[in-house]
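**Q** got a sequence here, can you build the structure:
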Amino acid sequence: MVVQKKFMPLLALVTALVPFITAENILGARDGMHFSLEARATNKDGSTPIYKNAKASIEARVNDLLPRMTVEEKVAQLYVLELLLGHQNDTYQSYSSIQGDLNGWMNLTDPLDNTLVFNQTGLEEMMRLKGGSIWAGYLVPYEKLAYAVEIGQRYLMENTTLGIPALIQSEGLHGFTDDGTIFPSPIGLAASFNTDLISKVSGVTAREAEGLGINHMFAPVLDLARELRWGRVEEGFGEDHFLTGEIGHAFVTGMQSGTRRNTSSTAFARVAATCKHFAAFGSPQGGLNLAQVSGGERELRTEYLKPFNRACLDSLSIMTAYSSYDGIPAIANTHILTDILRNEWGYKYWVTSDAGSVDLLVNLHGTCDTRQCAAKVTVDNLSGEMGGGTYTFLTLPDQVKAGTVSINSIDGAVKGLLRTKFALGLFENPYPYNDYLSTIRTQESKDVLHSADTETIVLLENRKNTLPLSTSLGSVALLGPHAGRVSFGDYVFFNATKNGVSPLDGFKQHLASVSSSTKINFAEGSKLWSNDESEIAAAVDAARNSDVAIVMVGTWSLDQTLLWTPGTNATTGEHVDVSDLGLVGAQLALVKAVKAVGKPTVVVFVSGKPVAEPWIQENADAVIQQFYPGELGGLALAEVIFGAVNPSGKLPVSFPRSVGTTPVFYNYLKGSRPLDPGSVMDDGTLMFGHQPGASVELRPRIELHQIQLLIAHEITSTDIKLSSPTIGRSQGFSVTVTVHNTGSVAGKEVVQVYMTDLVSSVVTANQQLIGFKKVDIPAGGSTVVTIPVLSSQLAVWSVQGKWVVEPGAFSIKIGTSDQVFAQTTLTVS
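**A** Next up is the predicted model:
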């Protein structure tokens, strides 16, 4: 391996370092043990320390290693630091500084430079203070990244007293961020309603990162999209806690399944997933990132915590939220982090803050007045500190000496990190693989990508069977600012879009593959961000000269370099919060002008969140939602529009008619929506409703999971069957239904089960998703689907502050969306 060959001549420089132990820096290491303070990595009797025994249990190894560590070594484990000195370009420096110390051991200011040289002084200093976790999520040549990881891990393993390897970290929300395969944004992945596919997606992400020595990914995001103005809606799995939990569980399972090569027999994961942001981060007041989230214990338990409880108990790390909940900063919330997460749920792995959030206790929340206070509050909740702030944890050794911080708090946090490292097998093999290229951008990865890009497309409207289009059409107008553009969501690497297929190129590729002579007439029509309507005329001409017009409009985000660069623009992504959910600039005018031509008009929304444009839903001949796609998004869209692939995506989030009608999440508490809403007519006439306090235009546009289908389907009430119509309070049950495809085209369908607790001691949701399954249905055939439901899914958080399954009647509903086709009654005795 080139990395190893070039590392060896430099090894002499590294091995010359011998850690210097003084009476001061051994504070915390336990004396009187079976090891001496002068040789803490060995046993007095010459036997192998348990923590070095690959066959010993993880807990035994943790308990053997911890007392050998000094306070300084323990605190160094609790940091996340930067691996790199620089970034792709100078404009990225300002963003990078919020993540942590960039004075690492590699100079990577030029993304094309592959010089394999490291800074010895920087290496030593970084590992001395912050060697527990190392941030490596940047676009650099693969060889240079592997070399940098190898240098760092070999130094830790061979030239520190105890030889504790580091977590090497990167982003992986929808693909590995160092030129790995980019999949649809998480909101799009959730639209697939396909947990098996999600596991394959995260599995590809982990596999591509693993070979380069990356062992820790900051994904998945489990924040609920109940506040649509928030910029990060695209990063999560939608508004529903059950769907988010199931998709999140599949994501964690796919990412962690398997083991690294040549590791211990007790290791059980290859890459650590990170569930974030714990907890209740996705519903900030006003939609503003970092703003307070309001709510009480019942809403916390019923909505925000459920996805984490489902998806994250086996996740090897959790990241806390920036925001406060009910006035308590998440990072300092002992009730959530200690009472619930650690004690009630029994979570025992690594918990870390988000970048810079410890300092926010001082400069945002105002609950601490010193760095010492912020560090103490955080570590007392058994959490580590990510970079991006003032590194408040550097105050911990002195606080331990002064007696203001208990060593037990630090030990508890370090134990969680060590369990994660042992679970990954890092003490045996933390290094990159020689054949890392064999696992990146493989044919298997491309096959999974293609499935993800096709299954995440949602058909919202299809009037007069406008779709699918025939490949024998004379011409099609492909219009709009998204037609010739590759649009990924945030958390992708610089220039990632160069690996993507635009709709324009995808249409050409697909039509060529089926030997179609259909001509594509392309015109941009308008810019995404401009009110200038001068280009609309060209789009109108293209529509007139075509048989069908397809107009592609929506929102846009940017990669992690450009998104944080001053002077660039975007309408979604981290820190990009908005006050309006409508189309920006001249986009709506473009759609109206094309529709006025009189040709069948298909509108495609490409976005990271719902677009509130009811005129389009009510007037377009067909409407498609494509949440930010992956690299094959343009091709997948062409395959759906021309009928090669049947669209099977469902909305994981509800669409409002306007920002003023939000929130519009489907599982609102009973009595929370007007019965007689007003409306605005096409000519501007205001039709006022009569609900007390009702304003104009209060009804939502498209509820959760609702779609129009290209395949015909039928579910009748005689097809639904419960495993038992009456169950006890601790019993689960199953719902079986037969789905008939009465059409001539095979396709996938998502069968969904909803529940309504008809009478309860507290107010419950008008309906709640409790099960789903995606199935293939042959043309003219039928499929029998059985969906299990746990008794705990019927429970309410009672007035007494306990989960209780109350006796009574529950309406069980079946459909392919929250629009019900069949229902029955379940009785809990």
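**Q** beta partners for V680?
**A** On DSSP bridges, the residues paired with V680 through beta bridges are L686.
**Q** gap between it and A272?
**A** 50 Å (CB to CB, to the nearest Å). Every C-beta, even on glycine, is put in place using the N, C-alpha and C of the backbone.
**Q** if you count what's nearby, which of these two comes out ahead?
**A** A272 (25 against 15; other CB atoms under 10 Å).
**Q** surely that one meets Q256?
**A** Yes. The pair A272 / Q256 is scored as a contact, 6.8 Å apart, by CB atoms under 8 Å.
**Q** next, show the common contact partners of the two.
**A** 315-316 (CB atoms under 8 Å, 6 or more residues apart in numbering).
**Q** strands along the stretch 301-450 of the chain, start to end?
**A** Using DSSP state E, counting those that start in this stretch, the strands found in the stretch 301-450 of the chain span residues 317-320, 324-325, 328-329, 350-352, 385-386.
**Q** and what of the stretch 1-150 of the chain?
**A** 79-82, 133-135.
**Q** to V597, which of the strands of the stretch 301-450 of the chain lies closest?
**A** In terms of CB to CB, the element of the strands of the stretch 301-450 of the chain nearest to V597 is strand 317-320, at 49.9 Å.
**Q** ok, back up a step: could the strands of the stretch 301-450 of the chain go into TSV alongside mean pLDDT, distance to L364 and mean neighbour count?
**A** Output for the strands of the stretch 301-450 of the chain, formatted as TSV (pLDDT from 0 to 100; distance: least, CB to CB, whole Å; neighbours: other CB atoms under 10 Å):
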stretch	mean pLDDT	distance to L364	mean neighbour count
strand 317-320	98	14	26
strand 324-325	97	9	23
strand 328-329	97	8	20
strand 350-352	96	18	29
strand 385-386	92	15	30
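**Q** quick one: least confident helix or strand in this protein?
**A** Lowest mean confidence among the helices and strands of the chain (mean pLDDT, DSSP states H and E): helix 93-96, at a mean of 24.
**Q** hang on, the earlier thing: make a markdown table out of the strands of the stretch 301-450 of the chain and add distance to L305.
**A** What follows is those, written out as a markdown table (distance: least, CB to CB, whole Å):
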| stretch | distance to L305 |
| --- | --- |
| strand 317-320 | 12 |
| strand 324-325 | 10 |
| strand 328-329 | 14 |
| strand 350-352 | 15 |
| strand 385-386 | 22 |
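**Q** closest one to W105 among those?
**A** The nearest among these, by CB to CB, is strand 385-386 at 19.4 Å.
**Q** what ranges does the stretch 101-250 of the chain have for its helices?
**A** Secondary structure of the stretch 101-250 of the chain (DSSP state H, counting those that start in this stretch): helices located at 120-130, 142-159, 186-191, 195-210, 241-256.
**Q** so which of these is nearest D380?
**A** helix 120-130 (20.4 Å).
**Q** and I812, what are its bridge partners?
**A** Beta-bridge pairing of I812 under DSSP bridges involves M755, T824.
**Q** now do the contacts for it.
**A** Residues counted as contacts of I812 (CB under 8 Å, 6+ apart) are 720, 722, 735, 753-755, 823-826.
**Q** got it, and R544?
**A** With CB under 8 Å, 6+ apart, R544 has these contacts: 597, 599.
**Q** now with 6 Å, please.
**A** V597 (CB atoms under 6 Å, 6 or more residues apart in numbering).
**Q** where's it relative to A596, distance?
**A** Counting by CB to CB, the gap from R544 to A596 is 11 Å.
**Q** do the same with G254
**A** Taken as CB to CB, the span from G254 to A596 is 47 Å.
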